[in-house]
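>>> Just the structure for this:
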Amino acid sequence: MNITFGIITNKFVSDEVLNSIHNQNIPSYEIIVVGGEDKYWINKQIDLYIPFTDEDKPYTIKKNLITENASFDNIVYLHDYYFFLEDWYHGFKKFGDDWDICMNVVKNKDGSRFRDWCVYDDPNLNWPYGDEPINFDDTHRLMLPPYSYDKKKFMYISGGYWLAKKYVMEEEPLNEKLGWGESEDVEWSKRVLNKFSYKMNTYSTVQTLKDKRLSAEYVN
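Sure thing, here's the model as predicted:
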């Protein structure tokens, strides 16, 4: 399984994140970093650094640049605060690559479950499942259901971390008119989940370097 790791950042990517990739012992992989300080990447073990100087532009552009420059069909998109636990690559070898879009277990810094297999506005799904639901305008609700949940029409793929085949992202790139806080990942989820397979790999795990709450952007 050849893998491109595409990391977006405004500052730098820590050695902890980079080493968590290198330590997977993946036979064929590459690391692409978009954004951050140019001087930081001297002597760092990455394959491609793409400068992104206008940080006022939507970071959807950064992720589409990862797609354009990826050498491999399997692409991991992540923000700079996710790192890979030692089981990650072994888990994907066990799970396989028969998917278009994929999610794996995501844990918060404290070990609690974070935004992985997410459900958005399923009227028939009642709490408690995972964390307490986050409500938006008394209408929109994000929940973490059991990993056996399979109603794709209610699912949501968080923009912080996911895997996709390159052909998926080429056919349905992120909307560059939308940025952080504008539900760009919700809009993209609605497009791709109607067209492509989306599977959950429970054998692999990533974790955040900082505590994050279960959250989603408001959808009009």
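>>> and after the helix or strand of the chain with the lowest mean pLDDT, which helix or strand comes next?
Ranked by mean pLDDT, DSSP states H and E, the helix or strand of the chain with the weakest confidence is strand 134-136, at a mean of 44. The first helix or strand that comes after strand 134-136 along the chain, using DSSP states H and E, is strand 140-143.
>>> Quick check: next helix or strand after that following strand?
Downstream of strand 140-143, the first helix or strand assigned by DSSP H and E is strand 155-156.
>>> In PDB, could you pull the C-alpha coordinates for the very next helix or strand once past that next one?
Next along the chain after strand 155-156, taking DSSP H and E as the criterion, comes strand 161-165. C-alpha atoms of strand 161-165 as PDB (Å, rounded to 0.1, in the frame of the first residue of the first chain):
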ATOM      1  CA  TYR A 161      -8.200  14.000   9.000                       C
ATOM      2  CA  TRP A 162      -9.300  11.500   6.400                       C
ATOM      3  CA  LEU A 163      -8.000   9.200   3.700                       C
ATOM      4  CA  ALA A 164      -9.100   9.100   0.100                       C
ATOM      5  CA  LYS A 165      -8.100   7.800  -3.300                       C
END
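>>> For the residue minimising distance to the centre of the chain, which residues are in contact?
Nearest to the mean C-alpha position of the chain, by CA atoms, centre = their mean, lies Y161 at 1.3 Å. Neighbouring residues of Y161 by CB atoms under 8 Å, 6 or more residues apart in numbering: 76-79, 82, 106, 115, 206. Every residue, glycine included, has its C-beta placed from N, CA and C.
>>> any idea how far G96 is from it?
Here Y161 is placed at a distance of 19 Å from G96 (CB to CB, to the nearest Å).
>>> before we move on, what about V33?
Separation of V33 from G96 (CB to CB): 28 Å.
>>> Tell me which of these two has more neighbours.
In this view V33 and G96 are compared by other CB atoms under 10 Å, and V33 has more residues nearby, 27 against 12.
>>> pretty sure the more buried one belongs to a strand, no?
Yes. Assigned with DSSP: H, G, I helix; E, B strand; the rest coil, V33 falls within a strand.
>>> so it bridges to which residues?
Legend: beta-bridge partners of V33 under DSSP bridges are I7, Y49.
>>> so how far is E176 from it?
As for V33, its distance to E176 is 19 Å (criterion: CB to CB).
>>> Whichever strand in the chain runs longest - which strands sit beside it in the sheet, and in what orientation?
Longest strand in the chain, counting residues (DSSP state E): strand 198-208. Using DSSP bridges, the strands paired with strand 198-208 in its sheet are strand 82-84 (antiparallel), strand 101-107 (parallel).
>>> Cool, thanks, signing off.
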